[in-house]
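[1] Just to be clear, the model below is a prediction. Sequence and coordinates:
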Amino acid sequence: PARFAGDAIYEAVDAGIETVICVAEGLPAHEMLRVYNYTRPKGITMLGPNCPGVLSPGKANVGIIPAEVLAEGRIGLVSRSGTLTYQIGYELAQRGLGNSTIVGIGGDPVVGSSFTDVLGKFESDDETDVVVMVGEIGGDEEEKAARYVEAEMSKPVVAYVAGFTAPPGKTMGHAGAIITGSAGTAQAKKEALEAAGIRVGTTPTEVAELAAETAGARA
C-alpha cells in the first residue's frame with residue numbers, strides 16, 4: 001500500500017539493497033521527493049512508484065509485467081505506462097520480434113529513474129540493438145530524452161506518446177499525465193522527439209512496425 005511504501009523503501013536501502021522497484025501507486029509527491037533525495041545520492045537504482053517493474057523475457061521478471069505475451073529479442077523498451085508496455089511488447093512478439101529488457105519507470109510526477117537513466121543503460125547493453133520509448137502527456141521527460149538521444153546515443157530509438165486527445169488540466173490515468181498550460185502536450189513531445197531524429201508512431205501497432213523496420217535495417 002502507498003502509505004507504507006516510503007518507509008519500506010528506506011528500510012530496503014538501509015539494509016543494503018541496491019535496486020528498488022516500487023509498484024505501489026499513490027505515494028504523495030512530497031514523500032517521493034524525500035525518497036528520491038535519500039536514494040539518489042547513495043547510487044540506488046529505483047523504478048517507480050506506480051510502475052510495472054522490469055522484465056528480461058526468458059530470464060527474470062521483477063514486478064507485474066505479463067511475461068506470457070512477450071518474447072525474447074533484441075529490442076529494449078522503456079515506458080511510463082504499464083498497459084502500453086504490454087501492448088507494444090505483444091505487438092512485437094506477433095511480428096516475430098522480442099525484447100531484451102522491458103523497463104517501466106512509472107507514471108507518477110516524481111519517479112526514481114528517468115527515461116535518460118534507462119536509455120543510457122540500453123546504449124551500453126550488448127543485447128539491445130533498438131530501443132522503444134513510450135511516453136505520455138505531462139512533464140518534460142520526453143523532451144529531455146530527445147536531447148539525450150540526439151547527443152549521446154548511437155542506437156536507434158522509436159517512440160510513442162500517449163494523450164493526443166487529452167484535455168488540459170485533467171489527469172489522465174496517471175498522476176503525472178496532466179497538461180498544464182502549453183507545457184507537457186503530446187504534440188510538443190512528438191515535435192521534440194522528431195527533431196532529435198526519433199521516429200514517432202501514432203498507435204502502438206505503428207510503433208511496433210517502426211521498430212521492426214528499424215531492427216530489420218540494422219540486421
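    Everything's here; your move. Residues are numbered from 1 along each chain as shown.
[2] how close does Q94 get to A212?
    Distance, Q94 to A212, using CB to CB, to the nearest Å: 10 Å. In this view, the C-beta of every residue, glycine as well, is placed from N, C-alpha and C.
[3] These two: who's more crowded?
    Neighbour count, other CB atoms under 10 Å: between Q94 and A212, A212 has more, with 18 against 12.
[4] What are the boundaries of the helices in this structure?
    2-14, 29-39, 82-94, 115-123, 141-152, 186-195, 204-218 (DSSP state H).
[5] List the contacts of G184.
    I137, G138, G139, D140, I178 (CB atoms under 8 Å, 6 or more residues apart in numbering).
[6] repeat for A159
    Per CB under 8 Å, 6+ apart, neighbours of A159: V132, M133, V134, G135, E142, L193, I198, R199, V200, G201, V207.
[7] I'd like to know which of those is nearest to P1.
    Proximity of these to P1 (CB to CB) peaks at V134, which lies at 26.6 Å.
[8] who's the closest one bridged to?
    According to DSSP bridges, the partner residues bridging V134 are S79, Y160.
[9] In this structure, where is pLDDT below threshold?
    165-183, 219 (pLDDT under 70).
[10] Tell me how many other residues crowd G73.
    Residues within reach of G73, counting by other CB under 10 Å, total 24.
[11] May I have the phi/psi pair for the closest residue in space to it that isn't next to it in sequence?
    Distances taken as CB to CB, 6 or more residues apart in numbering put G98 closest to G73, at 2.5 Å, once the chain neighbours are dropped. The phi and psi values for G98, taken as degrees, to the nearest 10, are phi -160, psi -170.
[12] For burial, what's the neighbour tally of E194?
    E194 is flanked by 13 other residues according to other CB under 10 Å.
[13] I'd like to know which of the helices of the chain lies nearest to V103.
    Proximity to V103 (CB to CB) singles out helix 115-123 among the helices of the chain, at 5.0 Å.
[14] would you turn the helices of the chain into JSON lines with distance to I21?
    Supplementary listing: these in JSON lines, determined by distance: least, CB to CB, whole Å:
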{"stretch": "helix 2-14", "distance to I21": "10"}
{"stretch": "helix 29-39", "distance to I21": "12"}
{"stretch": "helix 82-94", "distance to I21": "12"}
{"stretch": "helix 115-123", "distance to I21": "13"}
{"stretch": "helix 141-152", "distance to I21": "18"}
{"stretch": "helix 186-195", "distance to I21": "25"}
{"stretch": "helix 204-218", "distance to I21": "24"}
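[15] and the most centrally placed residue in the chain, what does it touch?
    In the chain, the centroid-proximal residue (CA atoms, centre = their mean) is S79; its distance is 2.3 Å. S79 makes contacts with T85, I88, I102, V103, G104, I105, M133, V134, G135, as judged by CB under 8 Å, 6+ apart.
[16] Buried ones among those?
    Among those, those classed as buried by 16 or more other CB atoms under 10 Å are T85, I88, I102, V103, G104, I105, M133, V134, G135.
[17] Now render the residues you listed as JSON lines, adding distance to V20.
    Listed next are the buried ones among the contacts of S79 as JSON lines, based on distance: CB to CB, whole Å:
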{"residue": "T85", "distance to V20": "19"}
{"residue": "I88", "distance to V20": "25"}
{"residue": "I102", "distance to V20": "18"}
{"residue": "V103", "distance to V20": "14"}
{"residue": "G104", "distance to V20": "13"}
{"residue": "I105", "distance to V20": "13"}
{"residue": "M133", "distance to V20": "22"}
{"residue": "V134", "distance to V20": "22"}
{"residue": "G135", "distance to V20": "23"}
